[in-house]
Every structure is written in C-alpha cells, then in structure tokens.
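In: Curious how this folds, go ahead:
(one chain, ligands or ions: 1)
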Amino acid sequence: MDTIGVGLIGTGYMGKCHALAWMAVRAAFGDGPVVRRAVLCEVEEGLARRRADEFGFEQSTADWTTLVTDPAVDVVSITTPTGLHASMAIAALEAGKHVWCEKPMAPSLADAERMAAAARASGKVAILGYNYIQSPAVRYIGKLLKRGAIGSVTQLRVEMDEDFMADPEQPFTWRSEASSGLGAPDDFAVHPMSLISTLIGMPSEVFGELVKPFPDRPHSTGRRAVETFDIATALLRMEGGATGAIQVSRSAWGRKGRIQLQIFGARGAIFFDQERFNEVGVYLAEGPVEEQGIKTVLMGPAHPPYEHFIPAAGHQLGFNDLKIVEAHELLNRIAGKPSLTIDFDQGLAIERVIRAIGRSHREGRWQRA
Ligand SMILES: NC(=O)c1ccc[n+]([C@@H]2O[C@H](COP(=O)([O-])OP(=O)(O)OC[C@H]3O[C@@H](n4cnc5c(N)ncnc54)[C@H](O)[C@@H]3O)[C@@H](O)[C@H]2O)c1
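Out: Next up, the predicted model:
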C-alpha cells in the first residue's frame, strides 16, 4: 500500500483545517495512499510539540527549513501568514516536495511569479487552498452552466462578507500589515475569483475601489496605522462578454461567512450563499408563468462528492469537509488522475486580476486583468 508523508507548517485556523483533512481524507474517500503525518512546524518548540501531539504528527520542529527537506515528507501544507508563502513554497518545491499552499499566493506579484516558476521547474504538484470550489453545490452549479440550463451568462455578482474586522477596536494583526498584501482583495476577493474562474472564466478588464474603514487599530505600542484595505469593490468585463461585480468586506457586521453568488443568464438564474452552502437556488424561465419561481435544491448523495461523507440527503456538509475534498483532489493530481484544483499557474492568473484591481484603484481607470 502506498504511503505519503505530510509536513504541516502553521497550526492556526487553516493549519488545523489541513490537519483534519489529512486525518480524514482516506476514511472519507476510501482510496489513495495511506497518509503519514510526519512533521509539524510551529514558531516555537513547545507549541510545535503540543500541536504535533494533538494532531497526531510524529515529529515537531520550530524550523520550517528542516521540515521542507525532511526525507519523510512528500507533500508540504503551508498555512502560515501570506508573507511567508513564497519562501516556504519555493524551498519545498526545490527540495522536490509537492506543495499545498493556502491562498492567496503572496503579497506581491513578483513573489507569486517566482512561486509559479518554481512549481513549473520542479515538475511537482503545487496547488492553492481554494476550498470553496470543492463544494457539491459549486460542482452542481458548474454542471448546470455546462449544460446551458440558464442559457448564455449575461451577468454575475459575487459578494464575500465577514465581520471579524468590523470592530474598530479589534487589535492590529498581520492582516493589517502591508507585508500581507492589499488586504480584502488578497484575503477575500481571491475566493470569488476562484469561483468565477472555475465556473465562468476570467475577466479581461477590471475597475477597482478599495477602502480602509478604520485608520488605525490597537497595538502593543499604542495604536498602529492600518496599512491594508478591509473593503474592496471591482467591476469585471468578462472575456465571454458578460458583466460582473465583486464586492468584499472583512468589516461587514452580521455577516459571518457569506459568499453570495448570483449568475444571471438568458433563460434563468442561479443563486448560492456559502452561509447556506448545502442549498442552490435555480430559476428557469420556462413553463407556465404563474408557476415560475426560485427552486431550492438541497444537496445530497446525488451531488458529488457529498456521497463520500453521508449516505442521506439534506444532512449537510460543513466547511472543514471542503478541505477534505481538496486534500483528495490534491492526491488525485499527484497520482496523475483528473483533479479539480487551482495550481500555481491558475493562481497566478487570479493574482494578476487582484493586482489589476489595486492598480485601477490607484489610477482611477479600467485596467487589463
Ligand atoms: N482557504 C481559506 O478559506 C482560508 C481561510 C483563512 C485563512 N486562509 C489563509 O491561510 C493562511 C493563514 O491564515 P490563518 O487564518 O490560518 O492564520 P493564523 O494566524 O490563524 O495561523 C498562522 C499560523 O502560522 C504560524 N506561523 C507563523 N510563522 C511561522 C513560521 N515561521 N513557522 C511556522 N509556523 C508559523 C503561526 O504561529 C500560526 O499558528 C493565510 O495565507 C490566509 O490567507 C485561508
């Protein structure tokens, strides 16, 4: 039986999510290699050891450079703050490891380009943590679009809102540092872009507006000026001719995990919200007018890959399950099988759109994406 050795760097929000995915992927899908949780890295030895015990990793270290060269490691999960992705991913690829790196790629386009180049040169698999494309609902939407259920797409709108930075007294973290990128565009707008690029295609031009709702936040040194944008809006001109809009906010009180997708076509429309991600709304402009309305389709085993988790319809998957699906798609890709993943080249295309939104905001005009 094949075995794959995993190295995990970072054990915060996403680190735990990756650890749970590695623990569950074989149990959920019943195929692929046995996953050996080999080495875990955190900033400090004691924390690394504690997390390794909790997550079932054999070894722990506070030095990621030893993890990425460890012979027991075949694939490296990178779940550290965005500013560290490039150096870690490139070192892992150069050491001959596959890479599963959290989104976004990097705070600068130059670093994202270096990551994509390293992936190409290595011949290894390098994918990004765009988990929202993995849900049964999004796959079902893709199927509807592919068979032309709503006709040609005329307009799409995607909003992504959370409120974890809505309080102006929320302390300053790495997310408000310029070294993490533009802010909401890198942190959030990349997710809508992952859905748009998977379901519809890429924009050819963008117009962006970025906003800092609060000038500063509490910091150990007193108050520190916020360097990133927590709200972003972008108009999109899609390659296929449709018009689109993305609006994202990390400061939207009341919204906890909303990614609202609306796709309008010549013969109908599709509606989806990540806060209720086991449901898809479908409107088809056909049949008697008095019977037309938005139908809610509840996900079940008929909507792959739901069936790998629960045999009963409507019992609902959760956020962490998306990461398990993503781990399975990564293993498929490593095995040379068909795989729904966003690799570093596709990720770079998303980063280019994000940088174009930033340029448009600075220059006040449309930019080629
Ligand atoms: N895919 C998603 O839905 C999603 C959601 C949240 C965050 N993210 C992305 O995941 C990444 C991490 O975000 P997070 O929310 O998990 O952050 P976090 O702050 O919760 O966790 C980061 C972890 O990395 C550790 N770390 C920092 N420097 C390190 C180093 N040199 N060596 C080892 N460990 C180190 C920290 O101690 C911490 O445990 C970011 O790039 C973020 O954009 C993705």
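In: what are the ranges of the strands in the stretch 201-350 of the chain?
Out: Under the criterion DSSP state E, counting those that start in this stretch, the stretch 201-350 of the chain carries strands at the ranges 203-211, 216-219, 222-225, 231-238, 243-249, 258-265, 268-273, 279-284, 295-298.
In: Not counting its own residues, what contacts the last one?
Out: For strand 295-298, contacts defined as Cβ atoms under 8 Å, 6 or more residues apart in numbering pick out 140, 278-284, 313-314. All C-beta atoms are positioned from the backbone trio N, CA, C, and that covers glycine.
In: out of these, which are buried?
Out: Neighbour-count burial (16 or more other Cβ atoms under 10 Å) is assigned, among these, to 140, 278-284.
In: Farthest pair within these?
Out: Of all pairs drawn from the buried ones among the contacts of strand 295-298, the one with the largest separation by Cβ to Cβ is 278 and 284; the distance is 20.6 Å.
In: send the alpha carbons of the helix or strand hosting residue 112 over as PDB?
Out: According to DSSP states H and E, residue 112 maps onto helix 109-122. Once non-C-alpha atoms are left out, helix 109-122 reads as follows in PDB (Å, rounded to 0.1, in the frame of the first residue of the first chain):
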ATOM      1  CA  LEU A 109       3.000  39.700  -8.000                       C
ATOM      2  CA  ALA A 110       6.800  39.200  -8.200                       C
ATOM      3  CA  ASP A 111       6.700  36.600  -5.400                       C
ATOM      4  CA  ALA A 112       3.700  34.800  -7.000                       C
ATOM      5  CA  GLU A 113       5.500  34.700 -10.300                       C
ATOM      6  CA  ARG A 114       8.600  33.200  -8.600                       C
ATOM      7  CA  MET A 115       6.300  30.600  -6.900                       C
ATOM      8  CA  ALA A 116       4.700  29.600 -10.300                       C
ATOM      9  CA  ALA A 117       8.200  29.400 -11.900                       C
ATOM     10  CA  ALA A 118       9.500  27.200  -9.100                       C
ATOM     11  CA  ALA A 119       6.500  24.900  -9.500                       C
ATOM     12  CA  ARG A 120       7.000  24.600 -13.300                       C
ATOM     13  CA  ALA A 121      10.700  23.900 -12.800                       C
ATOM     14  CA  SER A 122      10.200  21.300 -10.100                       C
END
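In: What is it packed up against?
Out: On a contact count with 3 or more Cβ pairs under 8 Å, 6 or more residues apart in numbering; DSSP states H and E, helix 109-122 meets helix 85-94, strand 126-128, helix 344-363.
In: Go again with 7 Å.
Out: Using 3 or more Cβ pairs under 7 Å, 6 or more residues apart in numbering; DSSP states H and E, the elements in contact with helix 109-122 are helix 85-94, helix 344-363.
In: Return the set of buried residues in that helix.
Out: If you call a residue buried by 16+ other Cβ under 10 Å, then helix 109-122 has these buried ones: 109, 111-116, 118-119, 122.
In: out of these, who's nearest residue 255?
Out: Sorting the buried residues of helix 109-122 by distance to residue 255 puts residue 112 at the head of the list, at 27.9 Å, by Cβ to Cβ.
In: got the contact list for the closest one?
Out: Residue 112 sits next to 105-106, 348, 351 when contact means Cβ atoms under 7 Å, 6 or more residues apart in numbering.
In: could these go into JSON lines alongside pLDDT, neighbour count and distance to the ligand?
Out: Written out in JSON lines, the entries for the contacts of residue 112 read as follows (pLDDT from 0 to 100; neighbours: other Cβ atoms under 10 Å; distance: Cβ to the nearest ligand atom, whole Å):
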{"residue": "105", "pLDDT": "97", "neighbour count": "29", "distance to the ligand": "9"}
{"residue": "106", "pLDDT": "97", "neighbour count": "26", "distance to the ligand": "9"}
{"residue": "348", "pLDDT": "98", "neighbour count": "19", "distance to the ligand": "16"}
{"residue": "351", "pLDDT": "98", "neighbour count": "29", "distance to the ligand": "13"}
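In: Check those residues and tell me the two furthest apart.
Out: 106 and 348 (9.8 Å).
In: Skipping its backbone neighbours, what lies nearest the closest residue to the ligand within the stretch 101-250 of the chain in space?
Out: Scanning the stretch 101-250 of the chain for proximity to the ligand using Cβ to the nearest ligand atom identifies residue 102 as nearest, at 3.4 Å. The shortest distance from residue 102 to any non-neighbouring residue, by Cβ to Cβ, 6 or more residues apart in numbering, is to residue 129 (4.2 Å).
In: One more: residue 317?
Out: Distances taken as Cβ to Cβ, 6+ apart put residue 309 closest to residue 317, at 5.8 Å, once the chain neighbours are dropped.
In: quick one: that neighbour and residue 322 touch, right?
Out: No: contact between residue 309 and residue 322 fails when scored by Cβ atoms under 7 Å: they sit 10.7 Å apart.
In: Would you mind putting the CA coordinates of stretch 128-144 into PDB?
Out: Extracted as PDB, the C-alpha positions of stretch 128-144 are listed here (Å, rounded to 0.1, in the frame of the first residue of the first chain):
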ATOM      1  CA  LEU A 128      -3.600  26.600  -3.600                       C
ATOM      2  CA  GLY A 129      -6.200  26.400  -0.800                       C
ATOM      3  CA  TYR A 130      -9.300  27.500  -2.800                       C
ATOM      4  CA  ASN A 131     -11.600  25.300  -0.800                       C
ATOM      5  CA  TYR A 132     -14.900  26.900  -1.900                       C
ATOM      6  CA  ILE A 133     -14.700  25.400  -5.400                       C
ATOM      7  CA  GLN A 134     -14.800  22.000  -3.800                       C
ATOM      8  CA  SER A 135     -18.400  22.000  -2.500                       C
ATOM      9  CA  PRO A 136     -21.100  19.800  -4.000                       C
ATOM     10  CA  ALA A 137     -23.200  22.900  -4.600                       C
ATOM     11  CA  VAL A 138     -20.500  24.600  -6.700                       C
ATOM     12  CA  ARG A 139     -20.000  21.500  -8.700                       C
ATOM     13  CA  TYR A 140     -23.700  21.300  -9.300                       C
ATOM     14  CA  ILE A 141     -23.700  24.900 -10.400                       C
ATOM     15  CA  GLY A 142     -20.900  24.100 -12.800                       C
ATOM     16  CA  LYS A 143     -22.900  21.200 -14.200                       C
ATOM     17  CA  LEU A 144     -26.000  23.400 -14.700                       C
END
